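>>> Predicted model, plus sequence, below.
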Amino acid sequence: MSTLSEKIWERHVVRRAAGEPDLLYVDLHLVHEVTSPQAFEGLRAAKRPVRRPDLVLATMDHNVPTNDQRPEEISARQIDAMARNAREFGIRCYPTGDPEQGIVHVISPQIGLTQPGMTIVCGDSHTSTHGALGALAWGIGTSEIEHVLATQTIWQTRPGTMAITVNGELPAECAAKDVILGIIARIGTAGGNGTVIEYRGSTIRALSIEGRMTVCNMSIEAGARAGIVAPDDTTFAWLEGRPYAPKDELWERAVDEWRALATDADAAFDREVTIDATTLRPYVTWGTNPSQSVTIDQRVPDPESYREDGQRDSASRALRYQDLRAGTPVRDIAVDAVFIGSCTNARLEDLRAAGEVLRGRHIKRGLRALVVPGSMRVKKDAEREGLDRVFREAGFEWRDAGCSMCLGMNPDILRPGERCASTSNRNFEGRQGPGGRTHLVSPAVAAATAVAGHFALPSDLS
Amino acid sequence: MDPVRRVAGRALPLARANVDTDQIIPSHWLKRLERTGYAAGLFEAWRRDPSFVLNDPRYRGASVLLAGPNFGCGSSREHAVWALRDAGFRAVIAPSFADIFRSNALANGFVPVELDARLVEDLIEAVRMDPSTEIVVDVDRRTVAAGTIAGSFALDDYARTRLLEGLDDIALTLRHDAAIAAYEAKRPEWLPRVR
Ligand code: SF4
């Protein structure tokens, strides 16, 4: 009687003793340029090698420019350090310019490195993305990166378990992004604290792997340590034939094992939440944390409508920062910029959804619009379908892969006061640049908003 | 990592909920290659407001931060802990913490004090009334005290030992090298290896 995440956990215990957390083995360690330099420096200082370079993959994504601009000096130092550390410690790295380079959470699944039942860590909180394939994956800090590099293991206290069951058919114009924004609106930014969330139910089963990645990606926005979906035929079909997927007889054996990972029928979760998908609508965040959202048909809420002091304060601070008035219909809010990208929504399916809206249309005059594919492979695949032309003709900039405007540490930032419809995952104050105002939406809503100049659904466009 | 038994000092009543790590240290500070030098980036955006509590001279030199629930949510950046430490803080007292912030804090001998929300409110009020109020966090006994306010906080035994002894995690783990090697020998064959 155990849940999916508990089964994976049990299979990775290297050492267990009373009064200690468990020591878990790490099947895959993903590394990027921003959170790793101090870890490599620590190894060097202690003259420690990387225990399993063959279980580590590095890339450069956070601070790299996504156009032909050169990185400024400080970023260049960090990029160079990544390349140097990878060379010195014998780690595979996909640097900028490499056809496999991209956002760390996009590239690993796409080459088939992310597989069901694995433990995966990365110095990045959105590592939860990999749970979409049935892996137990979570974000770690720099000290832990150093520890994993040196030992290929990590000390972890057992997380709690939470089931979020979403049943029913998604209404028209609702995407995976709206499922997760709807979940976070319901359970709050700390609703999943200390737990691994298993997403279940017919709505989740009907999502593509890309859609499941969008959902699992934002588990951390609900405070969860990880998010996971049980592997099924959709998972296996998606994975089969990818470069790192097992082949032939090994594939058969792996699939048998993976099927057995599902949560037992009589297993209990610490907490369960059920959501009726038919009640969901496209969401737009109005505030400065991902739970502060309403559906596109609603209005900016009045802070006074919150009963709890903390929520009321944080809502009024958010409205002040976002320069919004309570009662304003969401569709009346005009934007200055649109960003389609990030590890949440920059895979091929996301670009297709946005492209479909933009085909034969043009963005509102004066608006700044960027589309940044999640990886160079996504970019190439999209170009093969002619999506680059659709975006360009609509007035979007068509970029190289990277985190870009998701986090404001590369040249793509909002100017103070600029308002942006963004497909990323965080609307924190200044997240996209100091003073910038972020509204999280799905790719289709971002595209329609770019055309209308204010929040809009594709069906609102004439 | 230096051992920490006790943190005693004045406190800064930040008193906000859901303080995310993008506020604690904005991302453009993450380009540094070092573990130190982040003090000026701490709450950089909020600090531009002259009325922000960190700019209040009465709280200068505080070593304890008092905050609302879910402190340190968002990004995994350990830089958030480094920035707090560089600015002179040794402990944060809050009703709850985001998971990754908590483990990052423990890895740096920085004390995440998870205290009952009522007591946190009492402490905030006491410090606002008298900024010279000294707060004592006793890691060994897992207690917090300030004047007449006293309470105990949650900290598991292992975390407590790590703080008290300032253990080097990696050296500890490497003692289990045989167990790690034994585990490696029986990993399924199909698991991928990076080429
Ligand atoms: S796209 Fe954004 S959330 Fe994802 S890894 Fe990059 S910075 Fe982090």
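Yep, it's here. These figures come from a predicted structure and were not determined experimentally.
>>> Residues of the stretch 251-400 of chain A that sit close to the ligand?
Residues of the stretch 251-400 of chain A found near the ligand (Cβ under 6 Å from any ligand atom) are A:Ser342, A:Cys343. Placement of C-beta: from N, CA and C, glycine included.
>>> try 8 Å
Within the stretch 251-400 of chain A, the positions lying close to the ligand (Cβ under 8 Å from any ligand atom) are A:Gly341, A:Ser342, A:Cys343, A:Thr344, A:Ala346, A:Gly374.
>>> from memory the last one sits against A:Thr344, does it?
No. At 9.2 Å, A:Gly374 does not count as touching A:Thr344 under the criterion of Cβ atoms under 8 Å.
>>> top helix in the chain by residue count?
No chain specified, so I'll use chain A. Scanning chain A for the helix with the most residues, using DSSP state H, yields helix A:73-89.
>>> Actually, chain B is the one I wanted.
Of all segments of type helix in chain B, defined using DSSP H, the longest is helix B:117-129.
>>> mean confidence score for that helix?
Averaged over helix B:117-129, pLDDT sits at 98.
>>> Next, the residue in chain B that the ligand sits nearest to: secondary structure please.
Using Cβ to the nearest ligand atom, the point where chain B gets nearest to the ligand is B:Ser75, with a distance of 7.3 Å. At B:Ser75 the chain is in coil, as set by DSSP: H, G, I helix; E, B strand; the rest coil.
>>> before we move on, what about A:Ala58?
Of the three states, A:Ala58 takes strand under three-state DSSP.
>>> and it, bridged to which residues?
A:Val31, A:Cys93 (DSSP bridges).
>>> Please name the residues that touch it.
A:Ala58 sits next to A:Leu30, A:Val31, A:His32, A:Glu33, A:Ser36, A:Met82, A:Asn85, A:Ala86, A:Ile91, A:Arg92, A:Cys93, A:Tyr94 when contact means Cβ atoms under 8 Å, 6 or more residues apart in numbering or on different chains.
>>> Not counting its own residues, what contacts whatever helix or strand A:Thr449 lives in?
Per DSSP states H and E, A:Thr449 falls inside helix A:443-452. Residues outside helix A:443-452 that contact it (Cβ under 8 Å, 6+ apart): A:173, A:175, A:177, A:282, A:284, A:296, A:335, A:338-340, A:345, A:350-351, A:353-358, A:361-364, A:367, A:369, A:394-396, A:421-423, A:441, A:455-458, A:460-461.
>>> Please write out the alpha-carbon positions of that helix in PDB.
Once non-C-alpha atoms are left out, helix A:443-452 reads as follows in PDB (Å, rounded to 0.1, in the frame of the first residue of the first chain):
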ATOM      1  CA  PRO A 443       0.200  30.500 -24.600                       C
ATOM      2  CA  ALA A 444      -3.100  30.900 -26.400                       C
ATOM      3  CA  VAL A 445      -4.200  33.700 -24.100                       C
ATOM      4  CA  ALA A 446      -0.800  35.300 -24.500                       C
ATOM      5  CA  ALA A 447      -1.100  35.200 -28.200                       C
ATOM      6  CA  ALA A 448      -4.600  36.600 -28.300                       C
ATOM      7  CA  THR A 449      -3.600  39.300 -25.800                       C
ATOM      8  CA  ALA A 450      -0.700  40.300 -28.100                       C
ATOM      9  CA  VAL A 451      -3.200  40.800 -30.900                       C
ATOM     10  CA  ALA A 452      -5.800  42.700 -28.900                       C
END
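>>> A:Ala224 is in contact with A:Ala190, isn't it?
No. Using Cβ under 8 Å, A:Ala224 is not in contact with A:Ala190, being 9.6 Å away.
>>> Which one's more surrounded, those two?
It is A:Ala224, of A:Ala224 and A:Ala190, that has more neighbours when counted by other Cβ atoms under 10 Å in any protein chain shown, with 28 against 20.
>>> Which residue is the nearest non-sequential neighbour of that one?
A:Gly192 (3.1 Å; Cβ to Cβ, 6 or more residues apart in numbering or on different chains).
>>> B:Leu14 now?
Of all residues beyond its chain neighbours, the one nearest B:Leu14 is B:Ala67 (4.8 Å), with distances taken as Cβ to Cβ, 6+ apart.
>>> Now do the contacts for that neighbour.
The contact partners of B:Ala67, taken as Cβ under 8 Å, 6+ apart, are B:Leu14, B:Ala15, B:Arg16, B:Ala17, B:Val19, B:Val92, B:Ile93, B:Ala94, B:Val120.
>>> re the thing from before, excluding its backbone neighbours, what's nearest the residue of chain B closest to the ligand?
In this structure, B:Ser75 finds its nearest non-sequential neighbour in B:Thr21, 4.6 Å apart by Cβ to Cβ, 6+ apart.
>>> Tell me who's in contact with the one you found.
Contacts of B:Thr21 by Cβ under 8 Å, 6+ apart are B:Gly72, B:Cys73, B:Gly74, B:Ser75, B:Ser76, B:Arg77, B:His79, B:Ala80, B:Phe101.
>>> which of these lies closest to chain A?
For these, the minimum distance to chain A (Cβ to the nearest Cβ) is 4.1 Å, reached by B:Ser76.
>>> From the structure, what's the count of residues near the closest residue to A:Ala176 other than its chain neighbours?
Spatially, and ignoring its direct neighbours in sequence, A:Ala176 is nearest to A:Gly211 (3.5 Å; Cβ to Cβ, 6+ apart). By the criterion of other Cβ under 10 Å, A:Gly211 has 25 neighbours.
>>> Repeat that for B:Thr143.
16.
>>> Backbone dihedrals for the residue nearest to it when sequence neighbours are not counted, both of them.
Among residues not flanking B:Thr143 along the chain, B:Ser152 sits closest, at 4.9 Å (Cβ to Cβ, 6+ apart). Phi and psi for B:Ser152, reported as degrees, to the nearest 10, are phi -120, psi 160.
>>> ok, B:Ser152 touching B:Ala145?
No. The pair B:Ser152 / B:Ala145 is not scored as a contact, 9.8 Å apart, by Cβ under 8 Å.
>>> Show me which of these two is the more surrounded one.
For B:Ser152 and B:Ala145, the more surrounded residue by other Cβ under 10 Å is B:Ala145, and the numbers stand at 17 against 14.
>>> So what sits opposite the more buried one in the bridge?
Counting by DSSP bridges, B:Ala145 is bridged to B:Val136, B:Ala150.
>>> confidence score at it?
B:Ala145 is assigned a predicted lDDT (pLDDT) of 98.
>>> contacting residues around it?
B:Ile135, B:Val136, B:Asp138, B:Gly151.
>>> Ok, A:Asp54 next?
The contact partners of A:Asp54, by Cβ under 8 Å, 6+ apart, come to B:Arg193, B:Val194.
>>> those strands in chain B, which residues are they?
Applying DSSP state E to chain B gives strands spanning B:6-9, B:11-13, B:64-66, B:91-94, B:111-114, B:135-138, B:143-146, B:149-152.
>>> Neighbouring strands - and their directions - for the fourth one?
Based on DSSP bridges, the pairing partners of strand B:91-94 within the sheet are strand B:64-66 (parallel), strand B:111-114 (parallel).
>>> most neighbours per residue, which of those strands?
Most buried of the strands paired with strand B:91-94 by mean neighbour count (mean count of other Cβ atoms under 10 Å in any protein chain shown) is strand B:64-66; its value is a mean of 27.
>>> which outside residues touch that strand?
Contacts for strand B:64-66 (Cβ under 8 Å, 6+ apart): B:7, B:9-15, B:84, B:89-94, B:120, B:123-124, B:127, B:135, B:137.
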